[in-house]
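**Student:** okay, here's the prediction I keep looking at, along with the sequence it came from:
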Amino acid sequence: MRKKITLDTSAKGGAITDPIGTTSVLLRLHDGNFQFGLAKEDGGDIRIISEDGKTEYAHHIERYDSLLNEAFVWVKVPDAKPDAQLSFWLYYGNADAERADDSKGTYDADTTLVYHFSENNAAPKDFSAGGNSADQAGVSVTGAQIAGGLRLTGQNTINAPAGASLNWAQGAPMTWTAWVKQSVPGSNAAIFSRREGANSFVIGADNGIPYVEVTSGGATQRSAPGEPLAPNAWKHFAVVATNAQITLYVDGASYGTVNTGLPAFNGPCVIGKDPGASGGAAGFVGELDEMQLSKVARSAGFVKFAAMSQAGGDKAAKLLTEGADESAAEGGGHHENELAKHLSLLKDISKDLTLDGWVVIYLCGGLALIGGFVCIAKLMYLSKISKATKAFMEKWEGLAGDLSSLDHSDQEHVNSMGGQASKKVQKVLNQSPLYHIYKIGSAEIQHRISKAEDGYVSLSGRSVQAIRATLDGGLVRETQKLNSHLVFLTIGIAGGPYLGLLGTVIGVMITFAVIAKSGEVEVNSIAPGIAGALLATVAGLAVAIPCLFAYSYISTRIKDAISDMTVFIDEFVAKIAEVFKD
């Protein structure tokens, strides 16, 4: 089954006129728009495909409940445009499909932290590629703005630990977004804060009035007050910082500004309170959901899109519309087969490949190209030899009965095999090693004829042996031609697996080193690195196996050609010994 999803930012839809760019959109699935009975119990068969049916969009499932028939799916939408429509397909109903969640791929590289707060009283996990999971558990809320949320009591806090991706330089760009519901208004209730020395950055609500406050160089600036928040109502907060101004948005609309840039911070981020405030500022009492941090200043269009698409209800319905379910076969759209699934998995795995792994893969690719070129060239060469040898043997059968008919004093008579082969046919015969050996033998006979007295030619046993030795020398040279460049195939056979193993060992070593440094021992933190490292071994084997099969086949063809030459030499020597006997 498939369903068409359309994002409409035109005046008829979301009415977004500012640039948006790459963003993540939330799909809320329920009985009214999704047939849970046809999908897998964990939603693992869900796929998001572009409108043309070719490109798969990264997605991940925040929550999937097949009993309550409720699901929340995040989808990465590449380059959303203002005042335009963009459509894609939601596919499901394939019982053989494996779960293809890609939380890191759902967000762009500038997103450094994403907390869904859907964990059950566990430490919030970072779903972005930043890896900035919280260091302590919070109090969970089962039904928040989007699936689960975080309950803040005014006393409890959660820290996003310090990390390189969360460092802010002086005047650096930044975007912070979250869904906020205040239960009990308080004085200077901090929702999010950072503090180092005399510098601080606080987002909060002062008696229900949202604010952003920055302290830098001993001076404190706070955004001007606006309309207070309605109690127990979810509001979308966004704070966007440039090098000269910080803007606070509420529900996608500008609420207040501070004419300064961010101070520099390298410490942890605190959620729920500002512990370092003088006099002990009050904490926030209410709920928090879907907090995100980015290291760029998002546009006003991006903020409005996020506020509308995540709001649900009528706001989201203006921006996001869903078509009726239809059969994927009838629609002629995307048919996911095993090859497509494997290619999709390899694409996902390659995202976690380290630099040394890419170096190994490029080296293996170089070996594969060289091996492929040698294989094709050698097969074409052997094909020409086979055709030329067949033509030569047809002429030889007419000549072998009486070699004395050859006028060995006339080179052209010899080359034309007693006048049987025209100039055109001789060009074909010249590609055969047997023809080369035949001419070598004839040249030896001609050499002895030129020294014969009274025109009588006879060959002693020693002369016959000398001719055989010369023919054997020709055999060696022809064998060298046949075996030339095969060393590149043997390098691919022997070197490919070792290069792949080297890339895998280094990749595994780096993965475990990162785990040891971060202290995170989770399957999700280990598996991507290991899978990426193993991709190098796959590349090495992908080089070695075709090279092995090609080498075996080509070697068999070469052995057959050498056997033909050996038999021909024996026959040629026997004939001349009989014709020119002493």
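**Tutor:** Everything's here; your move. Just so we're clear, the structure is a prediction, and the values are computed from it rather than from any experiment.

**Student:** correct me if wrong: Phe237 contacts Trp179.
**Tutor:** Yes - Phe237 lies in contact with Trp179 (C-beta atoms under 8 Å); the separation is 7.5 Å. In this view, the C-beta of every residue, glycine as well, is placed from N, C-alpha and C.

**Student:** which of the two has more neighbours?
**Tutor:** Phe237 (26 against 22; other C-beta atoms under 10 Å).

**Student:** list the helices and strands the helix or strand encompassing the more buried one packs on?
**Tutor:** Element membership of Phe237 [criterion: DSSP states H and E] is strand 234-241. Here strand 234-241 touches strand 174-182, strand 209-216, strand 246-250, helix 300-311, going by 3 or more C-beta pairs under 8 Å, 6 or more residues apart in numbering; DSSP states H and E.

**Student:** let's see it at 10 Å
**Tutor:** Applying 3 or more C-beta pairs under 10 Å, 6 or more residues apart in numbering; DSSP states H and E, one finds that strand 234-241 contacts strand 174-182, strand 189-196, strand 199-206, strand 209-216, strand 246-250, strand 253-258, strand 285-294, helix 300-311.

**Student:** that strand pairs with which strands?
**Tutor:** Using DSSP bridges, strand 234-241 pairs in its sheet with strand 174-182 (antiparallel), strand 246-250 (antiparallel).

**Student:** just the ones you listed: most buried one?
**Tutor:** strand 174-182 (a mean of 23; mean count of other C-beta atoms under 10 Å).

**Student:** please enumerate the strands of the stretch 251-400 of the chain.
**Tutor:** Using DSSP state E, counting those that start in this stretch, the strands of the stretch 251-400 of the chain run over residues 253-258, 269-271, 285-294, 320-322.

**Student:** what's the angle between the third one and strand 189-196?
**Tutor:** Relative orientation of strand 285-294 with respect to strand 189-196: 40 degrees, computed using axes from the mean of the first three to the mean of the last three C-alpha atoms, to 10 degrees.

**Student:** just the angle between strand 285-294 and helix 300-311, please?
**Tutor:** 130 degrees.

**Student:** now do the buried residues in strand 285-294.
**Tutor:** Val285, Gly286, Glu287, Leu288, Asp289, Glu290, Met291, Gln292, Leu293, Ser294 (16 or more other C-beta atoms under 10 Å).

**Student:** just for this protein, where's the confidence low?
**Tutor:** In the predicted model of the chain, residues 279-281, 328-345, 348, 352, 400-409, 450-457, 518-525, 581-582 satisfy pLDDT under 70.

**Student:** now the helices: where do they sit in it?
**Tutor:** Listed in chain order, the helices of the chain (DSSP state H) span 300-311, 313-319, 328-331, 338-350, 355-399, 411-415, 423-429, 433-449, 461-483, 487-518, 523-579.

**Student:** before we move on, back to that, same list (the strands of the stretch 251-400 of the chain) but as a markdown table, adding distance to Ser416.
**Tutor:** Putting the strands of the stretch 251-400 of the chain into a markdown table (distance: least, C-beta to C-beta, whole Å) gives the following:
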| stretch | distance to Ser416 |
| --- | --- |
| strand 253-258 | 95 |
| strand 269-271 | 91 |
| strand 285-294 | 82 |
| strand 320-322 | 82 |
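
**Student:** out of those, nearest to Gln420?
**Tutor:** Nearest to Gln420, of all those, is strand 320-322, at 80.3 Å by C-beta to C-beta.

**Student:** tell me the gap between the closest one and the middle of its chain.
**Tutor:** 30 Å (C-alpha atoms, centre = their mean, to the nearest Å).

**Student:** distance of the residue nearest to Val296 when sequence neighbours are not counted relative to Ala129?
**Tutor:** Spatial nearest neighbour of Val296, chain neighbours left out: Asp110 (4.5 Å); criterion: C-beta to C-beta, 6 or more residues apart in numbering. As judged by C-beta to C-beta, to the nearest Å, Asp110 and Ala129 stand 10 Å apart.

**Student:** Tyr91 now?
**Tutor:** Distance from Tyr91 to Ala129, by C-beta to C-beta: 25 Å.

**Student:** and what of Leu379?
**Tutor:** Leu379 is 46 Å from Ala129, by C-beta to C-beta.

**Student:** more neighbours: those two, which one.
**Tutor:** Higher neighbour count among Leu379 and Ala129: Ala129, with 19 against 14, using other C-beta under 10 Å.

**Student:** distance of the more buried one relative to Gly398?
**Tutor:** Taking C-beta to C-beta, one finds Ala129 at 76 Å from Gly398.

**Student:** check Ser128 too.
**Tutor:** Taking C-beta to C-beta, one finds Ser128 at 80 Å from Gly398.

**Student:** what residues are shared contacts of Phe237 and Trp179?
**Tutor:** Residues touching both Phe237 and Trp179 (C-beta atoms under 10 Å, 6 or more residues apart in numbering) are Leu288, Met291, Ala307.

**Student:** from the residues you listed, pick the one nearest Asn199.
**Tutor:** Met291 (21.5 Å).

**Student:** quick check: closest non-adjacent residue to that closest one.
**Tutor:** Closest to Met291 by C-beta to C-beta, 6+ apart is Ala178, at 4.1 Å.

**Student:** which residues does that neighbour form beta bridges with?
**Tutor:** Under the criterion used here (DSSP bridges), Ala178 is bridged to Phe237.

**Student:** same deal with Ala71?
**Tutor:** Leu29, Tyr64.

**Student:** tell me which residues touch it, please.
**Tutor:** By C-beta under 10 Å, 6+ apart, the residues touching Ala71 are 27-30, 34, 36, 39, 42-43, 46, 61-65, 147.

**Student:** ok, now Ala368?
**Tutor:** Gly492, Gly496, Ala539, Ala542, Val543, Ala544, Pro546, Cys547.

**Student:** what's the spacing between the second one and Phe488?
**Tutor:** Taking C-beta to C-beta as the criterion, Gly496 is separated from Phe488 by 11 Å.

**Student:** domains for the chain, by residue range?
**Tutor:** Per the record, the chain has its domains at 1-109+302-335, 111-295, 352-582, by automatic domain parsing.

**Student:** of those, which is nearest Leu346?
**Tutor:** Here domain 352-582 is closest among these (C-beta to C-beta), at 7.2 Å.

**Student:** and for Asp508, the neighbour number?
**Tutor:** Not quite, residue 508 is Val, not Asp. By other C-beta under 10 Å, the residues close to Val508 number 17.
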